[in-house]
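In: here is a sequence together with a model predicted from it:
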Amino acid sequence: MRCPNCQTENPDRSLTCKACGVRLEPITPPTDEERSRRLVEEAFRLSDEGRLAHAIAACRKAISANPNSTSAYSLLGILFERAGQREQAIQAYEAALRLSPESAADRESLRQLISPPGQVKEIPRVVEVPAAPSAAAPVVRRRRQWARALGWATVGALTIIVVAVLAMTLRASRPGSRETSQSTRIPASAASAAAPAQPAPSPVTAGMPLAPAPAAALPVREPPLTPGPAPAVEPSPAPTPASLAPTVSITIPAPEAFIARGAASPAQPPAAPAAPPESVKPTPTAARARFFEGDVAGAIRIYEAAVADKTQATPEAYQEIGWLYYEAGRTTDAASAYRQSLERYRQQLASGQDAEAARHGIRTAEAALKVLELE
C-alpha cells in the first residue's frame, strides 16, 4: 500500500503511514465484474492502437474473470473477425448470443460470417439456448394457466349475456304477446261487480222511464298468435388484409464499438456536467467516451474534429459518426458519412489490408445507405 503523501510503501493492512503518519484508506479489492469491465476497456484501447493480439488476450482475461460478460464475448468476436480468424469469431458470437439472444448486432455479424460469399443466408435461431429452469418456473407456468382459464371464462360469460339480450329483444319485438292480451281481457263477473249500483227511484222520478242498464262486458276474443319475423342482424365487416398486415420498422444497427460496450444508445445524462468537447483531444476513443457519458452532440463534435485529421479519418470513424448522425436525425449528414466510410473500405480492400474487416465494413455501409434511402 503506497502512501499518497510521501509515496512510501506500507504493509497492506496498515492504518497509518510509517514514514509520515498520514491515515491510509484500506484498499478494497475489485469485484469480478469490475475487473472484467476494466479488461474490456483495456481491450478497446489496445484495439484502437492496432494491437489485436494484446486486445484478444485482454478479452480472454475478462471472460475468465466474468464468464457471463456479453460485452467481452462480442468484442472478442469482432477482434477475431478483424484478425481473419473466422472460426474463432463464430464461436465468440455464438457465446455472446447464448448470453444475450436479443443482440441484433451479434446475430447479424454471425449471419454474415456463416453465409457463402456473394449471398446472405438467414440463419435459424438455434443459437438461443434457454436458461436452466429456475425454482420460479412452475409458479410462472401456473399463473399463465390461471390467466388463460380466466380469459376463457370471461369470454363465455360475455357470450351468455349477449345471447340473453338478443333473446329479450326478439321477444319484445313481437306484435302482441300473450301477457299483454291476457291483461286486457275483463271477465263478465268482474265487470258486473265493478259496475256502480243503481239508486232507488225517488218519488219525483217514479213516473219517468229509467235508463237502460249497461250491458255486461263481453270477453275479448284473443287472436291467434303468429310468430313475427326475427330482426335482421347485420354481419360485422371482415378485416381487410391491410389492417392485418404487421408494421415493419427498419433501423440502422449501432456500430460494434457501441454495441460491444453493452448500450446502443446513451442510457441517461450523467449526474455531473461533462467537460466541454473543446478540452478533449479529438480522437475516436474520446468521442466514444463522450457518447457513453450521454453527450451525443459532444461526441459528434469530437468525431468531426477527429476525421478532419487525415491520420484519424479511418473508415470505422466515418461509420461511427454516420450512426451518430442517424441517431440525431441528421440523415443527410449520415448518408454522407456512410459514403465516405464505404469509399475508404473499398480502398482498403483494394490495397489488401485487413480484407475481411473491409468486406464486413462495406456490407454494413451499403445496408445503412439502403435504410437511409427508404426514409
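Out: That came through, no problem. What you see is a predicted model, and the numbers here were worked out from it, not measured in a lab.
In: would you map the helices across the stretch 251-375 of the chain?
Out: 256-259, 284-292, 296-308, 315-327, 331-351, 355-374 (DSSP state H, counting those that start in this stretch).
In: residue 32: which of these is closest?
Out: helix 284-292 (21.3 Å; CB to CB). C-beta: built from backbone N, CA, C; applies to glycine.
In: what angle separates that closest one from helix 296-308?
Out: 170 degrees (axes from the mean of the first three to the mean of the last three CA atoms, to 10 degrees).
In: least confident secondary structure element in the chain?
Out: The helix or strand of the chain with the poorest confidence is helix 241-244; it has a mean of 43 (mean pLDDT, DSSP states H and E).
In: and the helices of the stretch 251-375 of the chain as TSV, adding mean pLDDT?
Out: Shown next, in TSV, are the helices of the stretch 251-375 of the chain (pLDDT from 0 to 100):
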stretch	mean pLDDT
helix 256-259	68
helix 284-292	84
helix 296-308	86
helix 315-327	87
helix 331-351	89
helix 355-374	86
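In: let me have those helices in JSON lines, extended by mean neighbour count.
Out: What follows is these, written out as JSON lines (neighbours: other CB atoms under 10 Å):
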{"stretch": "helix 256-259", "mean neighbour count": "23"}
{"stretch": "helix 284-292", "mean neighbour count": "20"}
{"stretch": "helix 296-308", "mean neighbour count": "20"}
{"stretch": "helix 315-327", "mean neighbour count": "23"}
{"stretch": "helix 331-351", "mean neighbour count": "18"}
{"stretch": "helix 355-374", "mean neighbour count": "17"}
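In: now for those helices, which one comes closest to residue 162?
Out: So among these, helix 355-374 is nearest, using CB to CB, at 45.2 Å.
In: which other helices and strands contact that closest one?
Out: For helix 355-374, the elements it packs on are helix 70-83, helix 104-114, helix 315-327, helix 331-351, judged by 3 or more CB pairs under 8 Å, 6 or more residues apart in numbering; DSSP states H and E.
In: want to try TSV for the ones you listed, with distance to residue 298 as columns?
Out: Output for the helices and strands packed on helix 355-374, formatted as TSV (distance: least, CB to CB, whole Å):
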stretch	distance to residue 298
helix 70-83	23
helix 104-114	24
helix 315-327	10
helix 331-351	16
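In: which helix or strand contains residue 91?
Out: helix 86-99 (DSSP states H and E).
In: any buried residues in that helix, and which?
Out: By 16 or more other CB atoms under 10 Å, the buried positions in helix 86-99 come out as 88, 89, 90, 91, 92, 93, 94, 95, 96, 97, 99.
In: just the CA trace of it, in PDB.
Out: In PDB, the C-alpha atoms belonging to helix 86-99 read as follows (Å, rounded to 0.1, in the frame of the first residue of the first chain):
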ATOM      1  CA  ARG A  86     -13.200 -16.800 -38.800                       C
ATOM      2  CA  GLU A  87     -13.900 -20.000 -36.800                       C
ATOM      3  CA  GLN A  88     -12.900 -18.300 -33.500                       C
ATOM      4  CA  ALA A  89     -15.100 -15.300 -34.400                       C
ATOM      5  CA  ILE A  90     -18.100 -17.600 -35.000                       C
ATOM      6  CA  GLN A  91     -17.600 -19.300 -31.600                       C
ATOM      7  CA  ALA A  92     -17.300 -15.900 -29.800                       C
ATOM      8  CA  TYR A  93     -20.500 -14.600 -31.500                       C
ATOM      9  CA  GLU A  94     -22.400 -17.800 -30.600                       C
ATOM     10  CA  ALA A  95     -21.300 -17.500 -27.000                       C
ATOM     11  CA  ALA A  96     -22.500 -13.900 -26.900                       C
ATOM     12  CA  LEU A  97     -25.900 -14.900 -28.300                       C
ATOM     13  CA  ARG A  98     -26.300 -17.600 -25.700                       C
ATOM     14  CA  LEU A  99     -25.900 -15.000 -23.000                       C
END
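In: list the contacts of that helix.
Out: For helix 86-99, contacts defined as CB atoms under 8 Å, 6 or more residues apart in numbering pick out 68-70, 73-74, 76-78, 80-81, 103, 106-107, 109-110, 113-114, 127-129, 356.
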